[in-house]
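[1] have a look at this fold, sequence not included:
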DNA sequence: TAGATTGTTAATCGATTAACAATC
DNA sequence: TAGATTGTTAATCGATTAACAATC
């Protein structure tokens, strides 16, 4: 009943919410005052029922015939995801992928701000990449603690992934976004999110093999 | 009954298969002759029943008490995913992310070989990145056709994504791995796989917000 | 033989899809 | 009012989990 309790959503719903948010922000920029789930569904090629249920879970209330007031629905999604305020993050491992992520402009619109990056290579320590300072990895745990950084982006070589994850945990980091193929072992209270490109490729390959069909 | 027909698997199963494959290859390197689903499950932190079912779908046959002969189970997964032979791929858009993907060594072990990259920037056309030639995007469709390239990796700016996807399709490319936030419109017979970092971040953010818990 | 593991069948759970009443 | 859209309840579908017989 109360607006206090945060509803929980399934993973499929959570994965769709950013798509809605991106579209809604664009529509707002174009001056739209209302957005209906029906239009969102059409635009993204989704089933309207799915969109309706997803939006309902954020607690937003729409008006029959009109849809959702633009500002309300955008705020509802942002609040639900915790994206009303960005969280500071540290990135560790400034290789190809690390650089690419540092260069990606979009994260701040998705609740995350990478404030510093770390590496062990003395050649790049002290330099800047896309405006962010590269510091000695040894300084990371203490700095994480001092700055109360909660989020760690792990883009190191697989062989040192566990060691660096341990350092992140030592620094009080509560969630690790793991871009390495290493299966990390972490305490119960640390959140892991693995980014597995091979998994996506597997879905694609299998489709290419059995269908010639289409989806998503 | 027959070994001919390719079974189909759900997306969750497809996403786990590469994890098994990576572990099994490592175990093989270490000289193991058999691999049991039980051990795989333990090592990856998964439920043994899930692993058993996943492996069953590849058509591999195990022996009670021993597990699966290493070479057989590895081949079964590779065959199932179509990874016994790598597919040639074109990458279009040599920005930060494109460069990172070109630098990633692992794709060839996952069924994909990026043989060339394309861009519109004259400053980088004619150069090489991680051993692959960067060519003029204008030449891409004809070259795709001539080389019978089936797979396109899309790492361009969002604003030109649809245009470049159209060029890929013109070149006969059958599957597009889309790293842009653009919702592409493609013919029925073209396979789309979207890589959505914002979605992963949403799952992570939401967990950080409601739990302090752990998963995956 | 004893026991760990496979392979299969049944039960549970959650997400998607369908149906429809309520509303502006 | 008429009709598009919301919000909710029910039905279907598929994945996960549980149980257990078969086997080396």
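    Sure, I can see it. This is a predicted model, so every value here is computed, not measured.
[2] now whichever helix in chain A runs longest: buried residues?
    The residue-count maximum for a helix in chain A (DSSP state H) belongs to helix A:11-29. By 16 or more other Cβ atoms under 10 Å in any protein chain shown, the buried positions in helix A:11-29 come out as A:13-24, A:27. Using the backbone N, CA and C atoms, a C-beta is placed for each residue, glycine as well.
[3] repeat for stretch A:164-183
    Neighbour-count burial for stretch A:164-183 [16+ other Cβ under 10 Å]: A:164-165, A:167-169, A:171, A:173-183.
[4] now the end-to-end length of it.
    13 Å (Cα to Cα, to the nearest Å).
[5] can you tell me if that stretch touches chain B.
    Yes - for stretch A:164-183 and chain B, the contact criterion (Cβ under 8 Å from any Cβ of the partner chain) is met by A:174-175, A:177, A:181, A:183.
[6] and if you look at stretch A:108-121?
    Yes - counting by Cβ under 8 Å from any Cβ, chain B is contacted by stretch A:108-121 at A:110-112.
[7] among those, which one has the most neighbours?
    In terms of neighbour count, residue A:111 stands highest of the residues of stretch A:108-121 next to chain B at 25 neighbours, by other Cβ atoms under 10 Å in any protein chain shown.
[8] show me the domain layout of chain A.
    Segmentation of chain A into domains, based on automatic domain parsing, reads A:11-81, A:87-198.
[9] kindly check the end-to-end length of the longest one for me.
    In this case it means domain A:87-198. End-to-end distance for domain A:87-198, by Cα to Cα: 28 Å.
[10] mean confidence score for it?
    Computed over domain A:87-198, the mean pLDDT rounds to 97.
[11] now swap in the shortest one and tell me
    Along domain A:11-81, the predicted confidence averages to a pLDDT of 96.
[12] how far does that domain sit from its chain's centre?
    18 Å (Cα atoms, centre = their mean, to the nearest Å).
[13] does any part of it sit near DNA strand D?
    Yes - contact between domain A:11-81 and DNA strand D is present through A:36-39, A:48-49, A:52-53, A:55-56, A:60-68 (criterion: Cβ under 7 Å from any atom of the strand).
[14] buried ones among those residues?
    A:36-37, A:39, A:55, A:60, A:62, A:67-68.
[15] from those, which single one is nearest residue B:152?
    residue A:39 (29.6 Å; Cβ to Cβ).
[16] do whichever strand or helix holds the closest one and DNA strand C meet?
    Using DSSP states H and E, residue A:39 sits within helix A:37-44. No - Helix A:37-44 stays clear of DNA strand C (Cβ under 7 Å from any atom of the strand), getting no nearer than 10.4 Å.
[17] and that helix, what does it pack onto?
    Judged by 3 or more Cβ pairs under 8 Å, 6 or more residues apart in numbering or on different chains; DSSP states H and E, helix A:37-44 is in contact with helix A:11-29, helix A:48-57.
[18] what's in contact with the longest one?
    Contact partners of helix A:11-29, identified using Cβ atoms under 8 Å, 6 or more residues apart in numbering or on different chains, comprise A:9, A:35, A:40, A:43-44, A:46, A:50-51, A:53-55, A:57-58, A:70-71, A:73-74, A:77-78, A:80-81, A:83, A:109-110, B:181, B:183, B:196, B:198-203, B:206.
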